[in-house]
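> Here is the input, now give the coordinates:
(2 chains)
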Amino acid sequence: EAQVTQNPRYLITVTGKKLTVTCSQNMNHEYMSWYRQDPGLGLRQIYYSMNVEVTDKGDVPEGYKVSRKEKRNFPLILESPSPNQTSLYFCASSPNRDVAQPQHFGDGTRLSIL
Amino acid sequence: AQSVTQLDSHVSVSEGTPVLLRCNYSSSYSPSLFWYVQHPNKGLQLLLKYTSAATLVKGINGFEAEFKKSETSFHLTKPSAHMSDAAEYFCVVSWFSGGYNKLIFGAGTRLAVHP
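Coordinates of the predicted model:
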């Protein structure tokens, strides 16, 4: 089954404790991205990746890092989480950067930073 | 500048009545437009997309949307609501600029369906 898998689904942690949210897709997609969803704001893009070793900032990159060492994986790293990063996070992938291609989304990761 | 406005944050309908979720966009480019649905505790699922072909687009679960360039709108409709349609809906604009694929999501419309 074609899917985007995020882990963990839920995480409660404390300020300053580094964490990583993993994202993996099994569709051989080139394009992957991370979004955060906050009430009344829709989804905002954090980082995206065109292909292996090619990443770039989205609209709200501050406080986040990503890497793309393999095509299937695109982890999101919070080096020193803060309460304003409490949010619902989604990883998405699409075959390539063609604007007509829809995104395939994971089921989300709800992060609470205390 | 590109933008997406979903005109209603909440819409409530009775089962069996029509659904209308409104979306206006602003784009300097020729955009692709999408509607996604999000059920509780799930990711976003594609309902339908417009990519400069037919202006009336049919999607899954009986939904359709009409692209009206003169009104810069892409409203989502369904003739008869079902209880399972209760979810949050997002209108999305996508365009290509500077070598990169850009997307903007609307703020979302939460659809409630009453028996």
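
> Mind pulling the model confidence for the residue nearest to the spatial centre of chain A?
Centroid-nearest residue in chain A: A:Trp34, 2.8 Å away (criterion: Cα atoms, centre = their mean). You'll see A:Trp34 listed with a pLDDT of 96.

> Hmm, it is touching A:Leu76, no?
Yes: between A:Trp34 and A:Leu76 there is a contact under Cβ atoms under 8 Å: 5.0 Å. In this view, the C-beta of every residue, glycine as well, is placed from N, C-alpha and C.

> Between these two, which contacts overlap?
The contact sets of A:Trp34 and A:Leu76 overlap at A:23, A:46-47, A:64, A:66, A:89, A:91 (Cβ atoms under 8 Å, 6 or more residues apart in numbering or on different chains).

> For A:Leu43, list the residues it contacts.
Counted by Cβ under 8 Å, 6+ apart, A:Leu43 has contacts A:35-37, A:90, B:44, B:90, B:105.

> quick one: which of those is nearest to B:Thr5?
B:Phe105 (11.3 Å; Cβ to Cβ).

> so that closest one bridges to which residues?
Counting by DSSP bridges, B:Phe105 forms beta bridges with B:Val92.

> Run a quick neighbour tally on it.
Residues contacting B:Phe105 under the criterion other Cβ atoms under 10 Å in any protein chain shown number 21.

> Which residues are in contact with residue 72?
Chain wasn't specified; assuming chain A. Applying Cβ under 8 Å, 6+ apart, the residues near A:Arg72 are A:24-26, A:28.

> sorry, should have said chain B
With contacts defined as Cβ under 8 Å, 6+ apart, the neighbours of B:Thr72 are B:24-27.

> Quick one: which of those has the lowest pLDDT value?
B:Ser27 (80).

> so that one makes contact with B:Gln2?
Yes: counting by Cβ under 8 Å, B:Gln2 is a contact partner of B:Ser27 at 4.9 Å.

> Spit out the residues that contact the two alike.
With Cβ under 8 Å, 6+ apart as the test, B:Ser27 and B:Gln2 both reach B:93, B:95.

> leaving aside the residues next to it on the chain, what's closest to A:Ala2?
Of all residues not flanking A:Ala2 in the chain, A:Met27 sits nearest, at 5.0 Å (Cβ to Cβ, 6 or more residues apart in numbering or on different chains).
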